[in-house]
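Engineer: dropping the sequence and predicted coords here.
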Amino acid sequence: GGKSTWMDARQVLTVEASSESGQVDVDYKVSSQRLKTWFENHPDPGIVVMTGFIAETHDGTPTTLKRNGSDYTATIVGNLLTASKITIWTDVDGVYSADPRKVVNAVCLKSLSYNEAWELSYFGASVLHPQCTFPAMKKNIPVVIRNFFNLPFDGTAITSFQEDREFLASRTNQQDQLIKGFATIEDVSLINVEGTGMVGVPGTASSVFSTVRDAGVNVVMISQASNLLRSQEQQAPAALEALNEYFAREISRGHLSLVREIPNQSILAAVGQGMCMTPGVSAILFSALAKANVNVTAIAQGCSEYNITVVVDRENSTKALRAVHSRFYLSETPIGVVLVGPGLVGGTFLSQLQQQASVLHNDFNVDIQLLGIASGSKMLADPKGIALDNWKDTWESNKSDLKWEVLEEALVDSAVPNIVFVDCTASGDVANMYEGWLHSGFHVITPNKKAGSGDLGYYQRIRKISRATYTHFFAEATVGAGLPIMNTVAMLANSGDKIQKIEGILSGTLSYIFNTYDGSMPFSEVVKQAKALGYTEPDPRDDLSGSDVARKVVILARESGINISMEDVPIDSLVPAALTDCSVDEFMEKLPEYDSEMAERFADAASRGEVLRFVGVVDVETAKGGVELKTYSTQHAFGQLNGSDNMVCFSTRRYCETPLVVRGPGAGAEVTAGGVFGDLLKLAAYLGAPS
């Protein structure tokens with residue numbers, strides 16, 4: 001090793017106690033002279049190894065530099081030497097954009113200004129104590145924080161704002177230039193001093209501050225109308241007692257209405273010198289909080305515009321931190337997806353998502369991550385995201401027994417603030433979880449018809465939650481798969497039109513059967529053919545019963561403002577009563593015995609130039625719905641349908657002479673998954689993605 005010399009800091013650093021702060025003040029003039037003398041006495045010291053944390057007073061009494069004394073020693077000596085750079089060695093890579101224990105994708109900042117370091121430190125971030133940066137700032141000396149255990153990493157440089165602009169200009173995302181970091185202070189209380197007697201009365205704020213100071217209460221943040229925050233909740237009783245005692249006369253006379261505590265609060269601070277004189281930063285921050293369904297209790301911003309500080313419920317602190325961090329550091333619209341039901345439709349949805357993910361990210365700044373997958377008995381969750389290109393292998397290799405509470409807890413650890421459950425099952429049990437998910441701040445997208453057509457009270461509660469909060473429930477694919485049926489209902493209602501009647505061929509199976517049935521072959525033979533081609537369910541009675549169409553009628557009726565349930569919808573079932581309970585094979589064997597009944601109905605319709613169509617009807621004016629086999633003219637839109645397409649006709653006040661018609665494939669994995677994907681894009685738009 002090389003030559004080195006030990007320096008006792010007490011031989012150089014001279015300080016005096018500060019009567020107000022309890023800290024010590026460095027006497028730079030005396031310390032500089034003593035340092036010069038030390039080097040005169042040690043002309044060839046080699047590497048100087050100096051003690052930290054200690055100094056002495058003018059009378060020679062040893063003392064400490066108090067909090068962060070070792071770091072403080074380094075910056076003081078750097079100032080005395082007019083060093084070109086001061087390096088603080090620690091066990092972390094540098095200063096992070098947020099606490100990495102709470103935000104998994106927090107980034108280590110390359111640079112920040114002295115002012116930003118002060119602000120972040122004040123609000124609890126692991127940065128240098130403000131007094132440690134002051135000696136370096138006086139001579140504009142960069143302070144670099146580096147990691148003992150990661151020597152190749154450059155760390156974080158704390159410099160003047162002017163020098164930091166080079167870093168700002170290098171950022172590709174403009175929003176990264178506005179906010180450098182976020183920090184939180186947990187376990188605080190809000191003290192409200194309220195009353196009309198405070199308006200225009202000089203000295204009220206001074207009295208409040210003096211009173212809480214005398215009570216030994218630390219005020220962390222001040223908001224308009226004399227709202228005070230303390231950093232420790234246990235100080236709340238002392239603050240309340242002191243304020244109520246001091247303002248007892250004003251309260252008794254009605255000049256002050258109350259002094260009250262709002263407990264269990266947390267402070268969230270967004271810090272960045274780049275936001276100074278930049279319009280719209282607050283709007284971005286509050287929009288992110290609102291879309292994460294986080295309520296703000298109080299707001300404060302200093303005139304320097306270096307920080308925006310908000311108060312939120314403690315239980316929402318981490319959620320709020322992740323929401324604002326992702327908004328400024330990930331993308332404009334980060335969305336986490338949890339797929340329930342990785343079957344044909346669910347798997348197709350993920351394939352479509354993989355194909356479009358880069359386009360959404362690059363062109364629309366929408367960052368979609370797959371965070372979890374669940375089936376009827378298995379689950380997989382990864383807060384950091386599951387790769388879409390090999391999700392099947394990851395699922396098969398890592399799935400575990402399904403426990404909903406474990407899955408939801410894993411999602412809480414994700415840095416993505418906007419999480420959506422995509423239910424691609426037909427399960428009533430899964431549908432019954434929507435209400436809880438929405439209450440927890442998760443969005444829901446589904447082609448599952450059980451919630452929309454099930455218990456009316458449950459459906460109404462889901463819709464109420466969605467309307468009252470920033471959580472969304474989208475179910476376009478429940479009717480017509482990818483066809484814009486539900487969107488059309490909403491568009492007509494929201495634009496002021498009045499829907500009078502909705503008629504629809506809502507089953508691709510029954511559409512194929514009656515478009516094919518022309519009297520040239522028996523009805524049972526057409527059903528057999530449809531089953532062989534895969535148009536029907538394994539048990540064709542599931543289609544012929546009309547119950548699936550009835551569910552869609554109930555959904556359309558409810559979306560049109562009619563509160564009906566399945567038992568309110570009469571169904572003209574095509575399943576003979578005698579064949580309801582037999583096996584599938586027996587049903588197919590005996591169905592030809594009933595061909596004559598259908599043949600008679602067909603012949604009767606044909607004699608009038610009409611065709612048979614199995615339709616669902618919502619009569620909004622009479623508030624009724626029904627499912628039946630009806631006859632239509634060959635000139636009617638239904639009469640010209642072919643193949644397995646769905647068709648829905650909307651008769652409204654505006655579309656009264658010629659109905660508004662929506663037609664296209666209403667079944668199949670590709671189009672159903674497309675409808676789900678469309679709802680995901682709608683959610684992205686609601687969350688702020690550009691159109």
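Structural biologist: Yep, that arrived.

Engineer: what sits against residue 290?
Structural biologist: Neighbour list for residue 290: residue 470 [criterion: C-beta atoms under 8 Å, 6 or more residues apart in numbering]. Any C-beta I mention is one placed from the backbone N, CA and C, and that applies to glycine too.

Engineer: then the one 4 residues further on?
Structural biologist: Contacts for residue 294 were tallied using C-beta under 8 Å, 6+ apart; they are 312, 316, 319-320, 323.

Engineer: swap in residue 421?
Structural biologist: So residue 421 contacts 338, 340, 433-434, 437, 442-445 (C-beta under 8 Å, 6+ apart).

Engineer: I'd like those residues written out as a markdown table, with neighbour count, distance to residue 498 and secondary structure added.
Structural biologist: Listed next are the contacts of residue 421 as a markdown table, based on neighbours: other C-beta atoms under 10 Å; distance: C-beta to C-beta, whole Å; DSSP: H, G, I helix; E, B strand; the rest coil:
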| residue | neighbour count | distance to residue 498 | secondary structure |
| --- | --- | --- | --- |
| 338 | 25 | 38 | strand |
| 340 | 25 | 37 | strand |
| 433 | 18 | 35 | coil |
| 434 | 25 | 29 | helix |
| 437 | 23 | 33 | helix |
| 442 | 21 | 34 | coil |
| 443 | 26 | 30 | strand |
| 444 | 28 | 29 | strand |
| 445 | 26 | 28 | strand |
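
Engineer: need the residues you listed in JSON lines (columns: pLDDT and distance to residue 307).
Structural biologist: Shown next, in JSON lines, are the contacts of residue 421 (pLDDT from 0 to 100; distance: C-beta to C-beta, whole Å):
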{"residue": "338", "pLDDT": "97", "distance to residue 307": "34"}
{"residue": "340", "pLDDT": "97", "distance to residue 307": "41"}
{"residue": "433", "pLDDT": "96", "distance to residue 307": "40"}
{"residue": "434", "pLDDT": "97", "distance to residue 307": "39"}
{"residue": "437", "pLDDT": "94", "distance to residue 307": "34"}
{"residue": "442", "pLDDT": "93", "distance to residue 307": "30"}
{"residue": "443", "pLDDT": "96", "distance to residue 307": "31"}
{"residue": "444", "pLDDT": "97", "distance to residue 307": "36"}
{"residue": "445", "pLDDT": "97", "distance to residue 307": "37"}
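
Engineer: from these, pick the one nearest residue 568.
Structural biologist: Of all the contacts of residue 421, the one with the least separation from residue 568 (C-beta to C-beta) is residue 434, at 22.2 Å.

Engineer: give the contact list for residue 13.
Structural biologist: Contacts of residue 13 by C-beta under 8 Å, 6+ apart are 26, 31, 34, 54-56, 65, 73, 76-77.

Engineer: among those residues, which are in strands?
Structural biologist: Among the contacts of residue 13, DSSP state E puts 26, 54-56 in strands.

Engineer: neighbour-wise, give me the winner out of those residues.
Structural biologist: residue 55 (27 neighbours; other C-beta atoms under 10 Å).

Engineer: what's the closest non-adjacent residue to that residue?
Structural biologist: Excluding the flanking residues, the one nearest residue 55 by C-beta to C-beta, 6 or more residues apart in numbering is residue 13, at 3.7 Å.

Engineer: what about residue 637, neighbour count?
Structural biologist: 17.

Engineer: quick check: the gap between the residue nearest to residue 55 and residue 42.
Structural biologist: 16 Å (C-beta to C-beta, to the nearest Å).

Engineer: just residue 512 next, same as before
Structural biologist: Taking C-beta to C-beta, one finds residue 512 at 97 Å from residue 42.

Engineer: same thing with residue 653?
Structural biologist: Note on residue 653: its distance to residue 42, by C-beta to C-beta, is 96 Å.

Engineer: what helix or strand is the closest residue to residue 292 other than its chain neighbours on?
Structural biologist: Among residues not flanking residue 292 along the chain, residue 323 sits closest, at 3.6 Å (C-beta to C-beta, 6+ apart). Assigned by DSSP states H and E, residue 323 falls within helix 317-329.
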